[in-house]
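# Pasting the sequence and the predicted coordinates here, then a few questions.
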Amino acid sequence: MILKNLHTENKPVQTQLLFEPKDAKVISLQIAKGETLKEHISKIPALLVCISGNAVFTDDKGTVVNLNSGTYVMIEENVKHAVKAIDESNFLLMK
């Protein structure tokens, strides 16, 4: 999903609620080029926003999302997932 596409109104300032975290954590995550954040399961839903780089998110449900600057993915609870960095990539993880 692309952040820019969330704002469709003709207004100079727009907001869109994306996620209401349960534990209220925001984590900076960096993955080096060619490395993988190994498969794991999150016990709560999370929002992963790509700030820079190029990576691929996959999960056990068959979801594949190409992540680059300005894209995000909603991570479902109790679904095994992983992120592989094609280039050095930086993310914000909210949960």
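Yes, it's here.

# And the spatially most central residue of the chain, what's its pLDDT?
Of all residues in the chain, the one closest to the mean position by CA atoms, centre = their mean is residue 48, 2.1 Å from it. As predicted, residue 48 sits at a pLDDT of 96.

# Could you say which helix or strand holds it?
Taking DSSP states H and E as the definition, one finds residue 48 inside strand 46-52.

# And that strand, what's buried?
46, 47, 48, 49, 50, 51 (16 or more other CB atoms under 10 Å). All C-beta atoms are positioned from the backbone trio N, CA, C, and that covers glycine.

# Identify, from those residues, the entry nearest to residue 29.
Of all the buried residues of strand 46-52, residue 29 sits closest to residue 48, with 7.8 Å by CB to CB.

# give me every residue that touches the closest one.
Shown in contact with residue 48 (CB atoms under 8 Å, 6 or more residues apart in numbering): 29, 57, 67, 72, 73, 75, 83, 91, 92, 93, 94.
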